[in-house]
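Engineer: Give me the fold of what follows.
(chains A and B)
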2 protein chains.
Amino acid sequence: MSQAFFERHQPLLEQGLKAAAQRGYWSPFAESPSPRNYGETANEDGRAAFEALRGKPFALDLPGAEGTVGGEVSPYGFPLDIAYPRVPAGKLIEASARALEQWRRAGPRDWVGVSLEILARLNKRSFEIAYAVQHTTGQGFMMAFQAGGPHAQDRGFEAVTYAWQEMSRIPGVAIWEKPQGKNEPLRMEKRFTVVPRGIGLVIGCSTFPTWNGYPGLFASLATGNTVIVKPHPAAILPLAITVQVAREVLAEAGFDPNVVLLAAHEAGDDTAQTLALDPAVKIVDFTGSTANGDWLENNARQALVYTEKAGVNQVIIDSTSDLKGMARNLAFSLALYSGQMCTAPQNIYVPRGGIDTPEGHASFDEVAAALGAAVEKLGADPAKAVELTGAIQSEAILERIERARALGLPVIADSKALAHPQFEQARVRTPLLLRAEAGNEAIGQEWFGPIAFLVATDSTQESIRLARESVIRNGALSFSAYTTDDKVAAAVQDAAEVAGVSLSLNLTGAVFVNQTAAFSDFHGTGANPAANAALSDTAFVSNRFRVVQTRRHV
Amino acid sequence: MSQAFFERHQPLLEQGLKAAAQRGYWSPFAESPSPRNYGETANEDGRAAFEALRGKPFALDLPGAEGTVGGEVSPYGFPLDIAYPRVPAGKLIEASARALEQWRRAGPRDWVGVSLEILARLNKRSFEIAYAVQHTTGQGFMMAFQAGGPHAQDRGFEAVTYAWQEMSRIPGVAIWEKPQGKNEPLRMEKRFTVVPRGIGLVIGCSTFPTWNGYPGLFASLATGNTVIVKPHPAAILPLAITVQVAREVLAEAGFDPNVVLLAAHEAGDDTAQTLALDPAVKIVDFTGSTANGDWLENNARQALVYTEKAGVNQVIIDSTSDLKGMARNLAFSLALYSGQMCTAPQNIYVPRGGIDTPEGHASFDEVAAALGAAVEKLGADPAKAVELTGAIQSEAILERIERARALGLPVIADSKALAHPQFEQARVRTPLLLRAEAGNEAIGQEWFGPIAFLVATDSTQESIRLARESVIRNGALSFSAYTTDDKVAAAVQDAAEVAGVSLSLNLTGAVFVNQTAAFSDFHGTGANPAANAALSDTAFVSNRFRVVQTRRHV
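Structural biologist: Next up is the predicted model:
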């Protein structure tokens, strides 16, 4: 059965291998929710499926469950009232270890076939997942659909592609024949078996549970490991659906469904720590705070730990050929999902003396005004704006906006509450843009949410130095620069390469610094403190399995 | 210049890429010291070159040197009296960081070209290196030549091959064109730059300074990192020659020779710790004790740490088609370099009730007698034996033989001192083989040196269980089994795959369990406590560099 899965998906897998090598545009899953891609009733069906989940126990039959846990509340202002089975950490480990005994022997074709079938079925449930993502993370529907559905599936597919690439280069068997001068050669048969590490733990985040969760989940699964998925208590549903689909495919293929398990738990309990420190857990994939990521790296020493943590994203404005386009593009990046993205820009450096534009010199204040106006404009029509900003994921982020205001810095654009036409209780906010001077200590930390700083510097040279040093010290997942000067572009690129952060140059159109495309853009570099791995590359998958050989004379 | 190096070595590199994929027999460097390979006068020239080094300062002009350090004594009984420049750790880091600024920008072709030219020149100095290895490690000349020369160079070449494979799959530039329905597609140029981690530290061991040192050295160098080589104070010379050659090639290619530095130091000082904890050191490659390896893994948290540590190697005897061949093969493995190999067998499990052979049933005592006789026979002609055993590397190993004797276990073959016909003071010992019962706690630890145990078990089933559990708990770099029963072979293979150790089946001829061949056998698996990486595979190289991209509209 799982061999049939492999054969079914092999043509697409071959395309993926080529795409990952060439890094042009390629996507296995349609990003447009158009009926042409997903069927005429897909949206209604998905919404109905989501509504049908509310107020009920979630259909997941996990071994050793003791009662339920839940309590998710939509950032749009209503409780989901979904109860998930609660399984003690020890029971999850036991069941996962048992399932590993069979799964580890299945081999790469089965692991990959099952993984790709899960992704294909997740794609069919993209609308349901979109509503689940929207009403746990607060994303606007379109982002919830794209980032939570096909783009997340793309990133999962990408991880499986790399896993297959690395495993398939290990020959099953080799004949080794060493010449012995005039004597008969020495001749041995060597068999190479790909073996998994053990149990993989995926620790989900509250803002992009599927997009950030799928790479680790599928990288571990496709290399023969079993996986325990531990969602953030505020965003369980998208990963619960994912686990449900995975278990359905595993069972159909004749495997123990416990190869993939869900560890839903109460906020503030020690489930994550207990699981992460268990000797049977050999891989941890984590997205979240620097404090928790550092804790895992320092304590889960028995495991390979892949972390994506906080960062302070940087923008350098030196000059531009399109001031309005630049302002529009940056304003969009600040407003998109209310800056609740690990890639959202935060510190925007502009020389105190202003910049060159096609219309002549623009002073710092003129740049600030252009950016402020662009931010205001995006918020002018609340009905449209809310689709862009979505809702604020947590009270902590609202409080952070207040703390930023309390810094007492000059306000370029103030954060405003917008009324959501559909959800009265939704927490909707426009971006807060403050003016800061270079050297202000407050901007050396991450202000996760719709909070950014226009930073006045002595010169572009100082801007580059500040950006480079901040990336090295605080980490960053995105870095963007505007310049019409090739020498400046080269200097910025050099700074990016020394600091280890990817660079976007002169984005003034429909590509935004906070977006990356699977199979083309690496998300994160693994070379600065914001993340110790990139999504996805060889290094992300190649240590999740090992090779054991058996040699004998023939 | 370094581009010319790349072109010079590219044809061999292409062969290496194919060999690593197919894993048949292939070697870029001739293992036979025959004049046909190395020239009529190579041996004499090499010996003369070695002799010329003795009693003098070593020619290495390192920045910031403060006095000298040395004190190596040949295990064959004479001091080398070579003085190496002593450079404080801080000065080494400074010089390495400065050299990195230029080296990091050179790019993969230069890094690989320089690395392969270094290896080619090391190959030309194989005899000199052989004498240096012999008179620091105590290896017999032939092993010192092969393992210390061409085989070490093979492993270095293999690491460069993997590094090139991984870096060359990153396209320099890609055009990303995303369709936009009826509108113009979005079009971006994406440039991908391979960037190194920073400074690599290679911590050498006293027994195989080049063989164990080259993979990490060349994996780091070929991926754009600078390298500080810290030899064991008892085996500086082979790595000092290596660093000398590297610096010569770097200078010729127009690079700062400080891309490769030597950190010679006094035994017992804190040079290794100071270097390993420096924030600029991003990669550590270590071979040595479990205590030191664990310390590095737990403390050098800013670095990727690749370790090869202690293990307890396992042999299972279930049945054999050739009792004498088996005994001869095992005896050879025990005597080879006096068991001072990370891959030397230690615990040999035999059912208490004996085993099946073509000549009928052989009792445990008969198996023990066959093995004991084979060990005695190898030592019968001291002039021949010393070439196989070499000399005992350190006093600590002599003391360990005494401690093993003091366990009070029945002696199957006693360790004897042999007279070396050429070096009167050489510490030469034959293997000590003791009889132990399954469950004896003493055999759960590594007895590095010519010490092994024939372990009586209830059955082959128990032997397999004991071996599997020992590998999981204590680690192992080799695992060997003798059986004529396919079911037993399958069970042993399964145990090997679960425990994560490579298996050799029924070695009765000229291949020994303690030897692995570059490009065919992975050395170590990275899947048990003896080593966290394999030599060499994708995982060994792919995280030593990162990729930084720059994208812009075109």
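
Engineer: Now for A:G90, how many residues are close by?
Structural biologist: 12 (other CB atoms under 10 Å in any protein chain shown). Placement of C-beta: from N, CA and C, glycine included.

Engineer: Report the rounded mean pLDDT for the helix or strand hosting A:L122.
Structural biologist: Assigned by DSSP states H and E, A:L122 belongs to helix A:108-124. Regarding helix A:108-124, the rounded mean pLDDT is 98.

Engineer: in it, what's buried?
Structural biologist: A:108-123 (16 or more other CB atoms under 10 Å in any protein chain shown).

Engineer: now do stretch A:255-271
Structural biologist: Buried-residue list, stretch A:255-271, by 16+ other CB under 10 Å: A:255-265, A:271.

Engineer: Then stretch A:52-71?
Structural biologist: Buried residues in stretch A:52-71 (16+ other CB under 10 Å): A:53-54, A:58, A:60, A:62-63, A:65, A:69-70.

Engineer: In strands, which of the residues you listed fall?
Structural biologist: Among the buried residues of stretch A:52-71, the members falling in strands (DSSP state E) are A:69-70.

Engineer: okay, among the buried residues of stretch A:52-71, which ones form the most distant pair?
Structural biologist: A:R54 and A:P63 (25.8 Å; CB to CB).

Engineer: could you measure the residue of the stretch 301-450 of chain A found nearest chain B against B:N298, distance?
Structural biologist: Going by CB to the nearest CB, chain B is nearest to A:R301 of the stretch 301-450 of chain A, at 6.9 Å. Separation of A:R301 from B:N298 (CB to CB, to the nearest Å) stands at 7 Å.

Engineer: With A:F58 instead?
Structural biologist: 41 Å.

Engineer: Now that we're looking at the residue of the stretch 301-450 of chain A closest to chain B, what pLDDT does it have?
Structural biologist: Reading off the model, A:R301 has pLDDT 95.

Engineer: Spell out the secondary structure type for it.
Structural biologist: A:R301 falls in the coil class when you classify it by DSSP: H, G, I helix; E, B strand; the rest coil.

Engineer: Kindly report the same for the one 10 residues further on.
Structural biologist: The assignment at A:G311 comes out as coil when based on three-state DSSP.

Engineer: and it, how many residues sit next to it?
Structural biologist: Based on other CB under 10 Å, the number of other residues close to A:G311 is 27.

Engineer: go on, the one 5 residues further on?
Structural biologist: A:I316: 29 surrounding residues under other CB under 10 Å.

Engineer: Quick check: closest non-adjacent residue to it.
Structural biologist: A:A481 (4.2 Å; CB to CB, 6 or more residues apart in numbering or on different chains).

Engineer: Can you tell me who the one you found pairs with across the strands?
Structural biologist: When bridges are called by DSSP bridges, A:A481 pairs up with A:I316, A:L505.

Engineer: ok, it - contacts?
Structural biologist: A:315-318, A:488-489, A:492, A:503-506 (CB atoms under 8 Å, 6 or more residues apart in numbering or on different chains).

Engineer: let's go with 10 Å and repeat that
Structural biologist: A:314-318, A:349, A:460, A:463-464, A:467, A:488-489, A:491-493, A:495-496, A:503-507, A:513, B:550, B:552 (CB atoms under 10 Å, 6 or more residues apart in numbering or on different chains).

Engineer: low-scoring stretches of chain A, by residue?
Structural biologist: Residue ranges of chain A with pLDDT under 70: A:1-2.

Engineer: top strand in it by residue count?
Structural biologist: strand A:183-196.

Engineer: How about it and chain B, touching?
Structural biologist: Yes: legend: contact between strand A:183-196 and chain B by CB under 10 Å from any CB of the partner chain is shown at A:183, A:185-196.

Engineer: Name the residues of that strand that are buried.
Structural biologist: For strand A:183-196, by 16+ other CB under 10 Å, it's A:186, A:188, A:190-196.

Engineer: which one of those is nearest A:V386?
Structural biologist: The nearest one, if we look at these relative to A:V386 and count by CB to CB, is A:P196, at 44.4 Å.

Engineer: and the closest one, how far is that from A:L239?
Structural biologist: 21 Å.

Engineer: check contacts around A:D365.
Structural biologist: Applying CB under 10 Å, 6+ apart, the residues near A:D365 are A:350, A:354, A:372, A:412, A:435, A:454, A:456.

Engineer: before we move on, what about A:V133?
Structural biologist: So A:V133 contacts A:50, A:126, A:139, A:141, A:143-149, A:152, A:207-211, A:235, A:237-238, A:241 (CB under 10 Å, 6+ apart).

Engineer: same thing but at 6 Å, please
Structural biologist: Neighbouring residues of A:V133 by CB atoms under 6 Å, 6 or more residues apart in numbering or on different chains: A:139, A:144, A:148, A:238.

Engineer: what about the residue nearest to it when sequence neighbours are not counted, neighbour count?
Structural biologist: Using CB to CB, 6+ apart and skipping residues adjacent in sequence, the residue nearest A:V133 is A:G148, 3.3 Å away. Applying other CB under 10 Å, we find 26 residues neighbouring A:G148.

Engineer: got the residue ranges for the strands in the stretch 201-350 of chain A?
Structural biologist: A:226-230, A:260-262, A:281-287, A:304-308, A:314-317, A:347-351 (DSSP state E, counting those that start in this stretch).

Engineer: The shortest one: how far from the chain's middle?
Structural biologist: Read it as strand A:260-262. 19 Å (CA atoms, centre = their mean, to the nearest Å).
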